[in-house]
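Q: sequence first, then the predicted structure:
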Amino acid sequence: MSSTNSSNLYISKIIVEKLFGKYSYEIPNLKEEFVDYSSIMILYGFNGSGKTTILNLLFNLLSYAERSGHKSYISNVVFEKFEVQFSNNIIIIAKRKPGKLIGAFDIIVNHKGEKIIKCKFIAIKEDKDRFFIPAMQERILYYARKEKSEKDYRELNEYLYNLNLSLYYLTDERKILNIKSTSLEEDLLNNKIDELELLKHYRSVKSDGKTIKQSIRRAEDYLHKQITETLTKVEIDVNNIYSEIISSFEKSTSIKDGDFDDIKNLKKVLEDLSIQSEKYAKFNLMPPLSMKDIIKSIDKTSKENYHTIISILKPYINGIKSKFSSLEKLYNILKLFTDYLSNFFFDKEVEYRLNEGIVISDRGIILNPEKLSSGEIQLLTLFCNILPARKHSSIFIIDEPEISLNVEWQRELIPVLLELTKGNQIQFIFATHSIEFLTLYSEKVVDLVNNAES
């Protein structure tokens with residue numbers, strides 16, 4: 001079953017009932033629901049109110065990775081209902097029977113009020129305090145109608161996969177967990193690998209506290225693909241120049257009024273293009289253009305040949321401008337990424353080199369990313385994962401973003417994140433106690449108000 005896709009998919013509301021047996025929340029509540037949370041939602045509540053648990057439930061509920069412990073986590077959280085509403089009227093609910101607060105649960109998917117999927121998860125009690133969803137139960141749910149349960153489970157995971165939503169979770173332990181980080185999930189759904197291989201992958205991600213290298217590799221893979229696609233398009237555009245040159249000779253090449261002025265303007269344009277090419281050369285997107293020899297040749301040419309020169313150079317110039325236009329978006333991404341990180345890191349420089357990838361240096365000495373400070377690693381991890389997230393709708397769940405960040409970095413973080421993701425549907429959901437976040441973006445703050453008390 002295919003899901004209803006949206007290019008602007010984000011979470012509009014979260015409803016929690018009887019979390020820990022005593023807290024019920026509507027996020028945002030009725031007073032706050034007219035605020036636009038499509039880019040930023042900040043959860044605030046007292047210690048123990050369940051902010052981190054809500055983030056964990058959110059990530060584990062929306063995961064489509066099989067046999068990776070996501071549903072076992074849900075089985076151990078005390079709650080009656082956890083509901084996530086999306087901007088396109090899709091609602092995904094984890095729900096237990098009335099009076100049951102732990103263990104087995106159902107996941108239900110509704111769209112525009114119609115129930116389209118219901119999948120049961122039967123939990124087994126591991127000891128007096130802990131439940132789990134057995135690996136084989138996640139594959140084939142053992143109860144009376146095994147074939148139907150397997151079909152339901154597969155439908156649910158395929159539906160979540162087809163939302164085409166990237167989900168990233170920066171935990172309070174500073175690990176980055178993500179879905180759609182690899183083609184393994186796609187291979188799983190196409191039956192090219194088995195669940196054991198996927199499970200090994202997710203275990204390695206979760207157990208490795210130093211995921212910075214994985215994040216850098218993810219960003220480099222994304223940039224390499226973007227550069228390859230852009231340069232391929234540029235080559236096609238440049239090839240069209242020759243047909244323009246040939247067609248230009250089919251026209252009259254006699255001297256025309258205004259040719260002398262056109263030549264002066266042409267020389268100025270060539271000089272400007274030479275200067276402009278230097279910024280693209282900085283990221284090795286193209287070699288710098290030197291127009292000195294062309295301009296010298298123009299200066300030595302007789303006026304009788306001006307019109308021929310113009311006929312030749314105008315398609316050439318148009319081709320270069322087209323190339324610059326194709327490179328501009330990619331250049332802006334690279335510049336924002338490297339400039340912002342370099343500014344945050346203060347005495348270090350962050351570069352992107354075509355043949356080396358992302359390079360961090362201190363006075364010319366290349367640094368191992370794992371040797372950076374905890375705050376620097378956190379920012380680098382976050383920024384590296386933002387790059388590939390730009391491809392489609394994404395949600396970044398960030399628990400206590402203020403950890404390891406000084407006050408100045410806390411003030412600058414959200415504006416920089418918004419600038420990096422401008423023009424893309426990326427939603428950031430924070431849980432924080434930081435005064436900087438709470439005051440600077442007070443209109444995006446959702447207070448966890450316990451509805452059970454009222």
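A: Happy to help now that I have it. Numbers count the residues shown, from 1 in each chain.

Q: from Y169, how far off is the residue with the largest distance to the centre of the chain?
A: Residue farthest from the centre of the chain, counting by C-alpha atoms, centre = their mean, is E304 at 56.9 Å. E304 sits at a distance of 70 Å from Y169 (criterion: C-beta to C-beta, to the nearest Å). C-beta: built from backbone N, CA, C; applies to glycine.

Q: any idea how far I14 lies from F79?
A: For I14, the distance to F79 - C-beta to C-beta - is 12 Å.

Q: compare those two (neighbour count), which wins?
A: F79 (24 against 21; other C-beta atoms under 10 Å).

Q: and Y331, what element?
A: helix 306-345 (DSSP states H and E).

Q: which elements pack onto the very next helix or strand once past that helix?
A: Going down the chain from helix 306-345, the next helix or strand is strand 349-353, by DSSP H and E. Contact partners of strand 349-353 among helices and strands, from 3 or more C-beta pairs under 8 Å, 6 or more residues apart in numbering; DSSP states H and E: helix 306-345, strand 357-362.

Q: so strand 349-353 versus strand 357-362, what angle?
A: 150 degrees (axes from the mean of the first three to the mean of the last three C-alpha atoms, to 10 degrees).

Q: which parts of strand 349-353 are buried?
A: V350, E351, Y352 (16 or more other C-beta atoms under 10 Å).

Q: and that strand, average pLDDT?
A: Mean pLDDT, computed over strand 349-353, is 94.

Q: again with stretch 175-189
A: 57.

Q: and for stretch 296-307?
A: The model assigns stretch 296-307 a mean pLDDT of 83.

Q: strands along the stretch 351-454 of the chain, start to end?
A: 357-362, 365-366, 394-399, 426-431, 445-447 (DSSP state E, counting those that start in this stretch).

Q: what residues does the second one touch?
A: Spelled out, that is strand 365-366. By C-beta atoms under 8 Å, 6 or more residues apart in numbering, the residues outside strand 365-366 that reach it are V359, I360.

Q: the first one too?
A: Contact partners of strand 357-362, identified using C-beta under 8 Å, 6+ apart, comprise 216, 219-220, 223, 345, 347-353, 366-367, 369, 372, 380, 384.

Q: distance of A389 from H433?
A: From A389 over to H433 (counting by C-beta to C-beta), the distance is 26 Å.

Q: and E17, that one's in a helix?
A: No - under DSSP: H, G, I helix; E, B strand; the rest coil, E17 sits outside any helix and is assigned strand.

Q: who does it bridge with?
A: Beta-bridge partners for E17, by DSSP bridges, are K81.

Q: which residues touch it?
A: E17 makes contact with S24, F79, E80, K81, F82 under the criterion C-beta under 8 Å, 6+ apart.

Q: what's the second one sitting at in phi/psi?
A: Main-chain torsions, F79, degrees, to the nearest 10: phi -170, psi 160.

Q: touching, it and K22? I think so.
A: No - contact criterion C-beta atoms under 8 Å: F79 and K22 do not qualify, at 10.3 Å.

Q: how long is stretch 275-287 end to end?
A: Using C-alpha to C-alpha, to the nearest Å, the end-to-end distance of stretch 275-287 comes out at 12 Å.

Q: list the buried residues of it.
A: Judged by neighbour count (16+ other C-beta under 10 Å), stretch 275-287 contains these buried residues: S277, Y280, K282, F283, L285, M286.

Q: how about these, which pair is most distant?
A: S277 and F283 (11.8 Å; C-beta to C-beta).

Q: look up the pLDDT of the closest residue to P28 other than its chain neighbours for me, please.
A: In space, not counting the residues next to it along the chain, P28 is nearest to V446; the distance is 4.7 Å by C-beta to C-beta, 6 or more residues apart in numbering. Confidence at V446, expressed as pLDDT, is 94.

Q: can you count the residues close to the nearest residue to S215 once chain neighbours are set aside?
A: Among residues not flanking S215 along the chain, C384 sits closest, at 4.0 Å (C-beta to C-beta, 6+ apart). C384 has 27 neighbours, counted by other C-beta under 10 Å.

Q: next one: S38
A: Count around S38 with other C-beta under 10 Å applied: 15.

Q: go on, Y306?
A: Y306, neighbours per other C-beta under 10 Å, totals 20.

Q: cool, and I107?
A: 21.

Q: so it, which state does it fall into?
A: strand.

Q: helix or strand for the closest residue to it other than its chain neighbours, just tell me which one.
A: Counting by C-beta to C-beta, 6+ apart, C119 is the residue found nearest to I107 once chain neighbours are left out, at 4.9 Å. Element membership for C119, per DSSP H and E: strand 114-121.

Q: what mean pLDDT does stretch 369-378 get?
A: 92.

Q: now do stretch 61-81
A: 89.

Q: again, but for stretch 428-438
A: For stretch 428-438, the per-residue pLDDT averages 94.

Q: check the separation of the first and last residues in it.
A: 14 Å.

Q: returning to what we had before: most surrounded residue in the contacts of E17?
A: Most surrounded of the contacts of E17: other C-beta under 10 Å gives F82, at 26 neighbours.

Q: thinking that residue is in contact with I92, fair?
A: No - using C-beta under 8 Å, F82 makes no contact with I92, being 9.1 Å away.

Q: mutual contacts of the two, please.
A: Joint contacts of F82 and I92 (C-beta under 8 Å, 6+ apart) are L61.

Q: now do K112, the pLDDT please.
A: For K112, the predicted pLDDT is 88.

Q: likewise for S204?
A: Taking S204 on its own, its pLDDT is 40.

Q: and G21, how many residues sit next to it?
A: 11.

Q: quick one on the thing from earlier: tell me which other helices or strands the strand holding C119 touches.
A: Other elements packing on strand 114-121 under the criterion 3+ C-beta pairs under 8 Å, 6+ apart are helix 70-75, strand 105-111, helix 146-162.
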